[in-house]
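Student: curious how this folds, go ahead:
(one chain, ligands or ions: 1)
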Amino acid sequence: SLTTGIVGLPNVGKSTLFNAITQAGAESANYPFCTIDPNVGIVEVPDERLEKLTELVNPKKTVPTAFEFTDIAGIVKGASKGEGLGNQFLSHIRQVDAISHVVRCFQDDNITHVSGGVDPIADIETINLELILADLETVNKRLDRVAKMARQKDKEALAEQAVLEKIKEGLEEEVPARALEYSDDQQRIVKGLHLLTSKPVLYVANVGEDEIADPSGNEHVQAVREFAEKENAQVIVVCAKIESEIAELEGEEKQEFLDDLGIAESGLDQLIKASYNLLGLATYFTAGEQEVRAWTFKEGMTAPQAAGIIHSDFERGFIRAETVAYDDLVEAGKMSVAKENGKVRLEGKEYLVKDGDVIHFRFNV
Ligand code: GDP
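Tutor: Presented below is the predicted three-dimensional model:
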């Protein structure tokens, strides 16, 4: 399954945030497919639609969908030179599908800052530079390899060479591979290169306890926002220290605490949702009397592929998907009424599942 890696310099609040993630922890019994690893935190994806469906259907059990964050510790500076732990840091990043880059925006004189003072842009650039240097090495090696084929006018090699030259030029100006524009064909080549700087990124600005209600006065957050905007990247503001307190609460208690703090949604919940979207993930639902449940699928999946997420038998024996859009079901108020209104569709093998579909799969065993 897809995972987001939590990355950042030492002392920015990564462990504190990761602790909040494991504290919020999903009941892993519900998610036998998830990785069991101390560096992996499984979180439930908050979704108001699931609560609404539970009201409508009144099932015995409701199960949210979940996904994984990976804590990427390790030495950052000099990582690209391939020294021990630094090398490990890069190989961990290689294994994740997206990056949550935590930067320190809180002031606390008791907590040392690795580079002397709070400067999130310098922090971002320190990590990005290591990733850029590692990618430059990958690209240069690859260029050497395709050069010979390209000289023989091999079409594919020429196409790859052109993309590699373009990426190299960007990297040399400290532009990550994800920030360049590619044609569809080039996109396919880029994907095959597995570059670190082509992974999607969002920035997590960790602010102080007294700033979480209104971070607009924090100049560091402002700087991170401006930096991220240039990359079309999202910024989530959290207070890691408070997030771990919020993560211990549920339901009304959690809501009251958030109201007291003056925030509408916890930073962690925002981070979960944003990471989910960044990975290109979406949710469909199954809604029976036994269980109402949210399932994660990758956008672009067909109905049989989405069925296969529940069970491989569902994919193998797929006949059709009885599907109703969440909004249509809520408007009808009942599945039977949605059927009468002609809102329940019978979809076949080619159907591309949409976010919010409520599906009943028909299959042969
Ligand atoms: P890591 O090295 O990036 O994993 O950072 P840690 O999570 O270990 O945090 C480093 C120190 O900063 C710890 O003493 C935390 O308690 C503190 N810290 C983390 N987040 C916050 C925060 O939002 N506000 C304040 N004041 N301190 C924080």
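
Student: contact residues of the stretch 101-250 of the chain facing the ligand?
Tutor: Residues of the stretch 101-250 of the chain that fall close to the ligand, judged by C-beta under 6 Å from any ligand atom: 106, 108, 111, 206, 208, 209, 239, 240, 241. (Each C-beta comes from the backbone N, C-alpha and C, glycine too.)

Student: looking at the residues you listed, which are in strands?
Tutor: residue 206 (DSSP state E).

Student: any idea how far residue 355 lies from residue 295?
Tutor: As judged by C-beta to C-beta, to the nearest Å, residue 355 and residue 295 stand 11 Å apart.

Student: whoops, I mixed them up, residue 260
Tutor: Taken as C-beta to C-beta, the span from residue 260 to residue 295 is 34 Å.

Student: try residue 186
Tutor: Distance from residue 186 to residue 295, counting by C-beta to C-beta: 33 Å.

Student: same thing with residue 15?
Tutor: Per C-beta to C-beta, residue 15 is found 31 Å from residue 295.

Student: count of residues packed around the nearest residue to residue 65 once chain neighbours are set aside?
Tutor: Excluding its sequence neighbours, the residue lying closest to residue 65 (C-beta to C-beta, 6 or more residues apart in numbering) is residue 294, at 4.0 Å. A count of neighbours around residue 294, defined by other C-beta atoms under 10 Å, yields 20.

Student: hang on, residue 223 packs against residue 122?
Tutor: No - in this structure residue 223 lies outside contact range of residue 122 using C-beta atoms under 8 Å: 10.0 Å.

Student: higher neighbour count, those two?
Tutor: Taking other C-beta under 10 Å, residue 223 and residue 122 do not tie; residue 223 has more neighbours (18 against 14).

Student: which strand or helix spans the more buried one?
Tutor: For residue 223, the enclosing helix or strand under DSSP states H and E is helix 219-230.

Student: from the chain's centroid, how far away is that helix?
Tutor: Helix 219-230 sits 20 Å away from the centroid of its parent chain (C-alpha atoms, centre = their mean, to the nearest Å).

Student: check which helices and strands that helix is in contact with.
Tutor: strand 98-104, helix 120-151, strand 201-206, strand 235-238 (3 or more C-beta pairs under 8 Å, 6 or more residues apart in numbering; DSSP states H and E).

Student: repeat that with 6 Å
Tutor: Where contact means 3 or more C-beta pairs under 6 Å, 6 or more residues apart in numbering; DSSP states H and E, helix 219-230 is packed against helix 120-151, strand 201-206, strand 235-238.
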